[in-house]
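K.L.:
give me coordinates for this.
(chains A and B)
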Amino acid sequence: MAEPILEVRGLVKHYPLTQGILIKRQIGAVKAVDGVDFDLGTGETLGIVGESGCGKSTVAKMLVNLERPTAGVIRYKGEDITRLSGRALKAVRRNIQMVFQDPYTSLNPRMTVGDIIGEPYEIHPEVAPKGSRRQKVQELLDVVGLNPEYINRYPHQFSGGQRQRIGIARGLALRPEIIVADEPVSALDVSVQAQVVNLLDKLQTEFELSYVFIAHDLSIVRHISDRVGVMYLGRIVETGSDAEIYEHPTHPYTQALLSAVPVPDPTARAHRERIILSGDVPSPANPPSGCRFRTRCWKAQERCALEVPALAVPAEFRLTSGPAAHDSACHFAEEKHVVP
Amino acid sequence: MATEDPVATEAPTATEAPPLLEVRDLHVEFRTRDGVAKAVNGVEYGVRSGETLAVLGESGSGKSVTAQAIMGILDIPPGRITSGEILFHGQDLLKLKEEERRKIRGSGMAMIFQDALSSLNPVLSVGDQLGEMFTVHRGMSRKDARAKAVELMDRVRIPAAKERVTQYPHQFSGGMRQRIMIAMAMALEPSLIIADEPTTALDVTVQAQVMDLLAELQRELNMGLILITHDLGVVADVADTIAVMYAGRIVEKAPVHEIYKAPAHPYTKGLLESIPRLDQKGQDLFAIKGLPPNLMNIPPGCAFNPRCPMAQDVCRTDVPPLATVTYEGLTAERRSACHFWKETLRG
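P.N.:
Predicted coordinates for the structure are as follows:
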């Protein structure tokens, strides 16, 4: 892997649960993110997948400093950014930008497209002096495939896909090195989704961007990512290259997740093995002891309730150099092909 | 209905049972301040008992509006059914009085919506809501209805149904709420179920559970199922027949295996090529250029022509009929609304 531009170690975010009106007592915490480690290489795309409530969006918010972690460090080029404030924080934020999921609510309806995309320059005037802003915004519109003449239009005059392009242009305005994209295409129609995914691909090469791409759609994540991390209840359960995760998954949750994805091929219907998990994801306020997946896992044994499995290459694969030898947090990891 | 429809008068294959539901040349428009939006422009499809018809389309293609017209829950005004027939067990629903339609809703046909949380009443317990089906339609006592509700919840595999019957919708998870919606739709054992994006709001692992349950109950009760979705993966998993909609029309209708093997309409082809696949890592995705049309201003000729890579002059002037597609080895009915379906089929 290329030299990491972002290193995340032991990232934790707990939201306190309180009781009482005047005298608030903390009675517990929602453990949204509970010990997440990963590296992001320069020019790389890291995909993070998981179901709703697994903490993937909270991770995204902490990466761009919209939420302050309860514990853990996020190192950007070796420097911990979680405790920064004032001018230093502002400088870092310029380099880590975000693209949001919902193109309908993440753009201010009372601002023109030019004002929306140009607003980052108000906060960082050193990037573009006042006189050149309009031209910069028009260049950005062109880069994301919108007509530069649309600069004076309002968000409601655009379709969903076009709005997401506006959101991407705003993310690019400050020429960041890292873009954190939280479900950037899940609100879009299939035919438009492909256009936006291709645009993100093109921009990555053009501007040498590193992406953290968060999504629940496993097919899209595979398409765009170099490496993939699978999250469950606030932890990463398995991580590896896209081929390692999709073709040689060793964690039962990854296997179940992959086998549940509908494949657009009716001939696969008959001979495809599907693992249907029972029940729902437990509450992050009260996660199961030991391995968090054990309540839905068909392999669970006593050991799973007692010991928290570490995210490391499982012992049985440690001596092999094959694709199964990647980090997986399971006591009983074994390889299984689930994607036809 | 004065308009003679050449397609509908064609006799269906004699060996097949008559369809449970048949939509013929349905037109729906919405009058708005900005003009008239033509949401549905001559839709035709049919479903037989035990059959699963998947209606595939992007937002604004008219798939949900058609379903609402069938159910009789279209907002009128601003909506208006300008022409067409909806035959259910051979009876034209559009000629019935509201009172008669209400009797059919629930006992004859039922609908499952995408968003279970906003479809359930938050201030009534799920037991009351399920039981209401029996007190209203069957005249049962509240006590009997409650027992029926528990039975239904058991049937859709909600654990501890007896205890949970008194709980409120917010106390259930998304997957469980969708099960309650399914239970409610199944309550009076209707012969037709319309499911409008039933699993779109759910996570993949829960989505698989819910789809399995729906398919199983359908088999058990031999119901017709209209599955409205935009997900080509879900369709491939459960459908028998697919109808693809674009700008308020059916552009292609085919048995599920045939359509994935060789699409006969450029729009279907584009859709199939534009989805990333789990089992392959491609280079650039194929993207259909442009945007779906504005329903107030649908392009003349074929509505897809501005985005179509194969468009010729004829496509800009003549609306392509929903022609019958034939080739060697094809056993079921297949249709395509493209002037060049032969060329598209060849690839």
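
K.L.:
alpha carbons only for contacts and neighbour counts from here, please
P.N.:
Fine.

K.L.:
isn't A:His223 right next to A:Tyr246, touching?
P.N.:
No - when contacts are counted by C-alpha atoms under 8 Å, A:His223 is not listed as touching A:Tyr246 (11.0 Å).

K.L.:
list phi and psi for the residue nearest the centre of chain B.
P.N.:
Taking C-alpha atoms, centre = their mean as the criterion, B:Ile228 is the residue nearest the geometric centre of chain B, at 3.3 Å. Torsion angles at B:Ile228 (phi, psi; degrees, to the nearest 10) stand at phi -100, psi 130.

K.L.:
show me the shaky parts of the chain.
P.N.:
No chain in the question, so chain A it is. For chain A, applying pLDDT under 70 flags the ranges A:1-2, A:340.

K.L.:
hm, I was asking about chain B
P.N.:
For chain B, the stretches flagged by pLDDT under 70 are B:1-17, B:279-283.

K.L.:
contacting residues around A:Leu311?
P.N.:
A:236-238, A:327-330 (C-alpha atoms under 8 Å, 6 or more residues apart in numbering or on different chains).

K.L.:
again, only using 6 Å
P.N.:
Residues in contact with A:Leu311 (C-alpha atoms under 6 Å, 6 or more residues apart in numbering or on different chains) are A:327-329.

K.L.:
which of the residues you listed fall within helices?
P.N.:
Per DSSP state H, helices hold no members of these.

K.L.:
hmm, the residue nearest to the centre of chain B is touching B:Thr199, no?
P.N.:
No - with contact defined as C-alpha atoms under 6 Å, B:Ile228 does not count as touching B:Thr199 (10.3 Å).

K.L.:
which residues outside the host helix or strand of A:Arg303 are in contact with it?
P.N.:
Using DSSP states H and E, A:Arg303 sits within helix A:302-306. The contact list for helix A:302-306, computed with C-alpha under 6 Å, 6+ apart, reads A:289-291.

K.L.:
from B:Asp196, how far off is the residue nearest to the centre of chain B?
P.N.:
In this structure, B:Ile228 and B:Asp196 are 5 Å apart, going by C-alpha to C-alpha, to the nearest Å.

K.L.:
check B:Lys63 too.
P.N.:
From B:Lys63 to B:Asp196 the distance is 9 Å (C-alpha to C-alpha).

K.L.:
the two: which is more packed in?
P.N.:
When neighbours are counted by other C-alpha atoms under 10 Å in any protein chain shown, B:Lys63 and B:Asp196 differ, and B:Lys63 comes out ahead with 29 against 22.

K.L.:
from A:Phe332, how far out is the more buried one?
P.N.:
From B:Lys63 to A:Phe332 the distance is 46 Å (C-alpha to C-alpha).

K.L.:
and chain A, which residues reach chain B?
P.N.:
A:51, A:189, A:191, A:194-195, A:219-220, A:223, A:260, A:262-266, A:269, A:339 (C-alpha under 6 Å from any C-alpha of the partner chain).

K.L.:
what segments of the stretch 51-200 of chain B are strands?
P.N.:
Here the stretch 51-200 of chain B has its strands, by DSSP state E, counting those that start in this stretch, at B:52-56, B:79-88, B:91-92, B:109-112, B:192-196.

K.L.:
before we move on, what about the stretch 101-250 of chain A?
P.N.:
Using DSSP E, counting those that start in this stretch, strands in the stretch 101-250 of chain A cover A:178-182, A:210-215, A:227-232, A:235-241.

K.L.:
let me have those in JSON lines, extended by mean neighbour count.
P.N.:
Formatted as JSON lines, the strands of the stretch 101-250 of chain A follow (neighbours: other C-alpha atoms under 10 Å in any protein chain shown):
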{"stretch": "strand A:178-182", "mean neighbour count": "25"}
{"stretch": "strand A:210-215", "mean neighbour count": "24"}
{"stretch": "strand A:227-232", "mean neighbour count": "24"}
{"stretch": "strand A:235-241", "mean neighbour count": "25"}
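
K.L.:
ok, back up a step: ok, so of the contacts of helix A:302-306, who is nearest chain B?
P.N.:
Nearest to chain B among these: A:Cys291, at 18.5 Å, using C-alpha to the nearest C-alpha.

K.L.:
how many residues are close by that closest one?
P.N.:
22.

K.L.:
any idea which residue of the stretch 101-250 of chain A lies closest to chain B?
P.N.:
A:Ser219 (4.5 Å).

K.L.:
my guess is that residue contacts B:Arg277. True?
P.N.:
Yes - if you go by C-alpha under 6 Å, A:Ser219 and B:Arg277 touch, sitting 5.2 Å apart.

K.L.:
interface residues of the stretch 151-300 of chain B facing chain A?
P.N.:
Looking at chain A, the residues of the stretch 151-300 of chain B close enough under C-alpha under 6 Å from any C-alpha are B:203, B:205, B:208, B:232-234, B:236-237, B:257, B:274, B:276-279, B:281, B:285, B:287-288.

K.L.:
how about 8 Å then?
P.N.:
Counting by C-alpha under 8 Å from any C-alpha of the partner chain, the stretch 151-300 of chain B comes close to chain A at B:173, B:175, B:203-209, B:230, B:232-237, B:256-257, B:260, B:270-271, B:274-279, B:281-282, B:284-289, B:291.

K.L.:
who are the contact partners of A:Lys336?
P.N.:
A:248-250, A:255.

K.L.:
once you drop chain neighbours, what's closest to the closest residue to chain A within chain B?
P.N.:
Using C-alpha to the nearest C-alpha, the closest approach of chain B to chain A is made by B:Gly233 at 3.9 Å. Ranked by C-alpha to C-alpha, 6 or more residues apart in numbering or on different chains and with sequence neighbours excluded, the top spatial neighbour of B:Gly233 is A:Pro264, at 3.9 Å.

K.L.:
what kind of secondary structure is whatever residue of the stretch 151-300 of chain A ends up closest to chain B in?
P.N.:
In the stretch 151-300 of chain A, the residue that lies nearest chain B is A:Pro264 (3.9 Å; C-alpha to the nearest C-alpha). Counting by DSSP: H, G, I helix; E, B strand; the rest coil, the backbone at A:Pro264 sits in coil.

K.L.:
what segments of the chain are helices?
P.N.:
Using chain A here. Under DSSP H, chain A gives helices at A:56-63, A:86-95, A:113-123, A:133-143, A:160-172, A:190-207, A:218-224, A:242-247, A:252-260, A:268-271, A:302-306.

K.L.:
look at chain B instead
P.N.:
Going by DSSP H, chain B shows helices at B:63-71, B:98-107, B:116-119, B:126-138, B:142-155, B:161-164, B:174-186, B:204-221, B:232-238, B:256-261, B:266-274, B:313-317, B:341-346.

K.L.:
give the buried residues for the third one.
P.N.:
Right, the one you point to is helix B:116-119. B:116-117 (16 or more other C-alpha atoms under 10 Å in any protein chain shown).

K.L.:
show me what that helix packs onto, helices and strands only.
P.N.:
helix B:174-186 (3 or more C-alpha pairs under 8 Å, 6 or more residues apart in numbering or on different chains; DSSP states H and E).

K.L.:
run the chain-centre distance for the helix it packs on.
P.N.:
18 Å (C-alpha atoms, centre = their mean, to the nearest Å).

K.L.:
what is the orientation angle of that helix with strand B:192-196?
P.N.:
150 degrees (axes from the mean of the first three to the mean of the last three C-alpha atoms, to 10 degrees).

K.L.:
CA atoms of helix B:174-186 as CSV?
P.N.:
Listed in CSV are the C-alpha atoms of helix B:174-186, where the atom choice follows Å, rounded to 0.1, in the frame of the first residue of the first chain:
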residue,chain,number,x,y,z
GLY,B,174,-37.8,-1.8,10.3
GLY,B,175,-37.8,-5.4,9.2
MET,B,176,-40.5,-6.3,11.8
ARG,B,177,-42.6,-3.4,10.7
GLN,B,178,-42.5,-4.5,7.1
ARG,B,179,-43.6,-8.0,8.3
ILE,B,180,-46.6,-6.3,10.0
MET,B,181,-47.4,-4.6,6.7
ILE,B,182,-47.2,-8.0,5.0
ALA,B,183,-49.4,-9.5,7.7
MET,B,184,-52.0,-6.7,7.2
ALA,B,185,-52.0,-7.2,3.4
MET,B,186,-52.4,-11.0,3.8
